[in-house]
Structures are given as C-alpha cells and as structure tokens.
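Visitor: Coordinates only, no sequence provided:
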C-alpha cells in the first residue's frame, strides 16, 4: 500500500509538471507569434497551433508507424505477444490495441494513437529476441500505460508546438521587421529582441518538449509497473534495452525517437538536457523502490 501511494504521488507530480510544461510551450508559441506580427501574429500563431495539432491528432499514429516501417501482425503470428497485450489491455480496461512489428534488430517498442480506441503498439524484432516473457510483459505494460495516460497525444502536441515555434522564429529571421509594423526607431529598438527570439525560442521549445517526454516516461514506468504488478521485470527489461540499443542503435526515424521506451539513438546521441528520455539508471532506481 505504501509503494502504491508513493508511485501515485510520483504520477501526480509528473502530471502537474507536464501540464506546466505544455502551458509554457503554448505561451512561448504565442509570444513568438506576437513578436512576428503583433496582435495579428498572435492570432495567426493560435490558428497555427490549432490547425497543426488537429492534423497531428488525426494522423500522427499512421505517420509514426510508416516512418518506422512498422508492419501489422497477422492474428496468430505472435501468439505470446498477443496474449500479453490482450491480458494487460483487459486489466487496464481499454480496447486491445493493434499490434505491429518493426523489422530491426535494435530492441525497442512504442505506443501511438490519439486515444485508447485508436491505439497501436509496435515492437521491434530485436526486442522479441532479447527479452524473456516476463520482461516483455513489463515493457508492454509500460506502453499500454502511455495509451491509458494519453501520453501519445501529449507527446504529439508537444512535438508539433516545438516545431511550430521553430518555424515562427525562422519566419522572423527571414521577414525581419517587415511584419512588425511601426517606424524605423521601433524597428531599430526591437532588433536585439528579434535576435533573441530567433536564437533562444527554438532552443527553449526543444528543451520544453524534451522535458515533457522525460516526465511522461517516468509516469509510464510507474503506471506500467502497477499494471503488470512486477516492477522488477520492467527494471530488468530497461537495463537490457539500454545495452541493446547501445550495440544496435536505430536512426531510421529520429523524429519519432521520443516515442520509444528507450532512446533508439542512445548509441550516438547526446544525453542530459538534450535527451528525449530520463537516465535509465534513475528509471530503474525508481522502479526498484516502487517494488520494495
């Protein structure tokens, strides 16, 4: 009971952190839009946010699966995986997600879809060779927790907004003060501010997006451990996956790296602030504490 209450407290903190980060992303997008064109730019930014998020809402799952060359699994082809997914989905009280396999030796998995009714879980060929059934169950519980927690939608919105902010900042660079209005004195006085927006806004947007992603991974670890009732299995799987992607990194679709349970670029990518995932050792430490 204590462990459960402890993990629930972690989840609540992660939800609050995610909400604040998403609010910061939204505010940053609106500020950049206002800098681009005053009140008109502010309205334009709001329309862009709504439009791009609407497109992402409907099509992000198909895009993510296609970019990673994921193939639907015919019924009966992976009976053990199908059994585990069905069991966990039943425990989570959600429809059974569609199952896909990615033809790569890099061990990994991700979930996508705008809601539990339109969810999909993709596993790589490598993860099926690397993990035993207990560890695979822990990984699949983690992915189904992303679906239950609506993390797939949150990550898509965060990525879309970060991309929009970068686009607006580039627009300021190319258009200069032409859209800002006002006389020469105003434009000269705002030159440094424009430069600051151009340089700083995309970086801040990226860091906020990555912070959202890391927060959601901690939350899915805690929820997944509860769903499978086996934190040690998920911790063991994470340790194996971390070593696995170091040996066989996968750069097929870097834009979707934040979706996977471990960073598929771990063999080559930077860590710390610029990582899409929290440190694996910290994730394992929390899981082992959750099971204590």
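Guide: The structure has been received and is ready for your questions. This one's a predicted model, so the numbers in the text were calculated from it and none came from an experiment. Residues are numbered from 1 along each chain as shown.
Visitor: tell me the mean pLDDT for stretch 44-52?
Guide: Average pLDDT, stretch 44-52: 73.
Visitor: How about stretch 148-156?
Guide: pLDDT averaged over stretch 148-156 gives 77.
Visitor: Next, the buried residues of that stretch.
Guide: 148-149, 151-156 (16 or more other CB atoms under 10 Å). Every residue, glycine included, has its C-beta placed from N, CA and C.
Visitor: Now tell me which helix or strand of the protein has the poorest mean pLDDT.
Guide: helix 184-189 (a mean of 46; mean pLDDT, DSSP states H and E).
Visitor: So which residues of this structure form helices?
Guide: Along the chain, counting by DSSP state H, helices occupy 2-67, 79-92, 125-130, 133-148, 151-175, 184-189, 191-228, 231-247, 280-290.
Visitor: what about the stretch 51-200 of the chain, any weak spots by pLDDT?
Guide: For the stretch 51-200 of the chain, the stretches with pLDDT under 70 are 53, 156-157, 159-161, 163-164, 168-199.
Visitor: at 90 what do you get?
Guide: 51-64, 67, 113-115, 149-200 (pLDDT under 90).
Visitor: returning to that earlier point: closest to residue 257 among the buried residues of stretch 148-156?
Guide: Among those, residue 155 lies closest to residue 257 (CB to CB), at 10.9 Å.
Visitor: Residue 242 against residue 278, yeah?
Guide: No: counting by CB atoms under 8 Å, residue 242 stays clear of residue 278, with 11.7 Å between them.
Visitor: Flag every buried residue along stretch 219-235.
Guide: Under 16+ other CB under 10 Å, the buried positions of stretch 219-235 are 219-228, 230-235.
Visitor: which other residues reach stretch 69-77?
Guide: 81-82, 98-103, 120, 122, 252 (CB atoms under 8 Å, 6 or more residues apart in numbering).
Visitor: what would those look like in TSV with neighbour count and distance to residue 73?
Guide: Formatted as TSV, the entries for these read as follows, by neighbours: other CB atoms under 10 Å; distance: CB to CB, whole Å:
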residue	neighbour count	distance to residue 73
81	20	7
82	15	7
98	18	8
99	21	4
100	21	6
101	20	5
102	24	11
103	12	12
120	21	10
122	29	9
252	15	19
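Visitor: Show me which pair in those is furthest apart.
Guide: 82 and 252, at 24.5 Å, using CB to CB across those.
Visitor: gap between the two ends of stretch 223-236?
Guide: 16 Å (CA to CA, to the nearest Å).
Visitor: chain center to it: distance?
Guide: 20 Å (CA atoms, centre = their mean, to the nearest Å).
Visitor: cool, stretch 240-253 as well?
Guide: That offset, for stretch 240-253, works out to 17 Å (CA atoms, centre = their mean).
Visitor: Can you list the buried residues in that stretch?
Guide: Buried residues in stretch 240-253 (16+ other CB under 10 Å): 240-242, 244-245, 248-250, 253.
Visitor: So residue 215 versus residue 110, what's the distance?
Guide: 17 Å (CB to CB, to the nearest Å).
Visitor: Those two: which has the busier surroundings?
Guide: residue 110 (26 against 22; other CB atoms under 10 Å).
Visitor: my guess is the more buried one contacts residue 256, does it?
Guide: Yes: at 7.3 Å, residue 110 counts as touching residue 256 under the criterion of CB under 8 Å.
Visitor: which neighbours do these two share?
Guide: 64, 68.
Visitor: Quick one, grab the pLDDT at residue 286.
Guide: Reading off the model, residue 286 has pLDDT 94.
Visitor: my guess is it contacts residue 221, does it?
Guide: Yes: counting by CB under 8 Å, residue 286 touches residue 221, with 6.6 Å between them.
Visitor: what residues are shared contacts of those two?
Guide: What both residue 286 and residue 221 touch, as defined by CB under 8 Å, 6+ apart, is an empty set.
Visitor: contacting residues for residue 237?
Guide: 131, 135-136, 138-139.
Visitor: and which of those is nearest to residue 33?
Guide: Nearest member of these to residue 33, counting by CB to CB, is residue 139, at 39.8 Å.
Visitor: I'd like to know how many residues surround the closest one.
Guide: 27.
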